[in-house]
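Engineer: turn this into a model:
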Amino acid sequence: MSLGFSVETLMPRARGGGALRMGLVPIADDRWLQPAPDLAARAAAFDSDDCVAVLPEAEAAARETAALLGVAGGLGEAARAVWEDLCLVTSDADRGYRLTGGAVAFPTDWRLHQKLGQSLAQVHAPIHGYAEQLSKGVDHFVATLPAGAIYGRANWFVVPTAAWRYLPQDDPAQRFAHVTTANAGDTLFVRCERQTLRRLPETGAVLFTIGIHVAPLHALSDGVVHRVADAVAQTGSGEHARRAAPFYAEALAGYAAARRDELVETIE
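Structural biologist: Residues are numbered from 1 along each chain as shown. Prediction:
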């Protein structure tokens with residue numbers, strides 16, 4: 001089992017509703033990163049905003065990351081050469097594992113400067129249920145991840161835009177006000193994060209990559225559309241609200257039902 005590089009192939013591997021889980025799968029080295037990145041889109045994002053920050057304790061890991069990718073420089077140069085955003089997690093005896101570096105061109109509703117220096121629990125604090133269901137498991141996994149191994153997982157969001165950078169500032173009711181059952185195929189997009197983790201052998205830092213893949217509902221197969229609709233419907237109330245689901249869930253469910261009806265009619 002591995003992870004693809006599209007919403008269509010990532011969604012079947014992503015968590016549905018219900019309890020949070022890491023859902024990690026091993027990744028082969030030759031399937032680690034997007035093989036054909038759009039570097040022009042990456043450059044435009046990095047050129048338009050301050051997307052890179054590295055604390056002093058992560059400078060060596062940043063250089064090691066660049067060297068691993070065959071790039072001269074540090075974390076910013078490395079992230080311009082690949083499709084994935086790059087984050088560094090380092091540890092010290094007093095504070096444990098923390099986010100100490102990042103080159104994040106395509107964030108999904110978070111800002112690097114607000115998370116930098118935080119523990120893993122603090123970074124994930126906005127996720128409802130994380131402290132109770134995932135925090136200890138994530139901390140243990142990061143602490144015991146061996147060098148040489150690569151693991152990956154998929155995460156998903158439903159959003160009203162295909163933009164690579166998703167940093168909404170408006171009220172979610174306004175953000176999704178134009179979405180209806182009739183137009184949901186064109187106005188709702190599934191945004192997947194293809195996340196991987198590997199330990200850097202020299203510094204011992206953990207490199208966390210996030211590759212963004214976006215597709216409109218109408219471009220996805222019936223099975224994936226139904227999985228997205230079911231996942232939204234089964235998401236717990238806190239996460240349901242955080243993901244702004246109350247403002248699109250009904251339209252999404254109606255669209256998925258219409259796709260199901262079309263499929264039945266075709267078969268008959």
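
Engineer: would you mark the buried spots in stretch 121-138?
Structural biologist: 121, 123-124, 127-128, 130, 133-135, 138 (16 or more other Cβ atoms under 10 Å). To be clear about C-beta, it is placed using only N, CA and C from the backbone, and glycine gets the same treatment.

Engineer: just the ones of these in strands?
Structural biologist: Counted as lying in strands by DSSP state E, out of the buried residues of stretch 121-138, is not a single one.

Engineer: quick check: mean pLDDT across stretch 64-76?
Structural biologist: For stretch 64-76, the per-residue pLDDT values average out at 97.

Engineer: distance from it to the middle of the chain?
Structural biologist: Taking the mean of its C-alpha atoms, stretch 64-76 sits 22 Å from the chain's own mean (Cα atoms, centre = their mean, to the nearest Å).

Engineer: which residues touch it?
Structural biologist: Contacts made with stretch 64-76 from outside it, assessed by Cβ atoms under 8 Å, 6 or more residues apart in numbering, are listed as 46, 51-52, 54, 58-59, 62-63, 77-78, 81-82, 86, 88, 101-103, 200, 202-203, 205, 207.

Engineer: flag the shaky bits of the stretch 1-150 of the chain, pLDDT-wise.
Structural biologist: Low-confidence segments of the stretch 1-150 of the chain, defined by pLDDT under 70, are located at 1.

Engineer: now do the strands in it.
Structural biologist: Counting by DSSP state E, counting those that start in this stretch, the stretch 1-150 of the chain has strands at residues 25-26, 52-54, 85-92, 96-103, 150-159.

Engineer: given the first one, what are its sheet partners and their directions?
Structural biologist: Using DSSP bridges, the strands paired with strand 25-26 are strand 150-159 (antiparallel).

Engineer: one more: the third one?
Structural biologist: When sheet partners are counted by DSSP bridges, strand 85-92 sits next to strand 96-103 (antiparallel), strand 206-216 (antiparallel).

Engineer: so for the last one, what's the average pLDDT?
Structural biologist: Rounded to a whole number, the mean pLDDT of strand 206-216 is 98.

Engineer: could I get that strand in PDB with only the CA atoms?
Structural biologist: What follows is strand 206-216 as a C-alpha-only set of coordinates in PDB (Å, rounded to 0.1, in the frame of the first residue of the first chain):
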ATOM      1  CA  VAL A 206      12.400  14.700  11.400                       C
ATOM      2  CA  LEU A 207      11.500  16.100   8.000                       C
ATOM      3  CA  PHE A 208       7.800  16.500   7.500                       C
ATOM      4  CA  THR A 209       6.600  17.200   3.900                       C
ATOM      5  CA  ILE A 210       3.200  18.400   2.800                       C
ATOM      6  CA  GLY A 211       2.200  18.000  -0.900                       C
ATOM      7  CA  ILE A 212      -1.000  19.800  -1.900                       C
ATOM      8  CA  HIS A 213      -3.400  18.300  -4.500                       C
ATOM      9  CA  VAL A 214      -6.700  19.900  -5.400                       C
ATOM     10  CA  ALA A 215      -9.600  18.800  -7.600                       C
ATOM     11  CA  PRO A 216     -13.200  20.000  -8.200                       C
END
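
Engineer: no further queries at this time; thank you.
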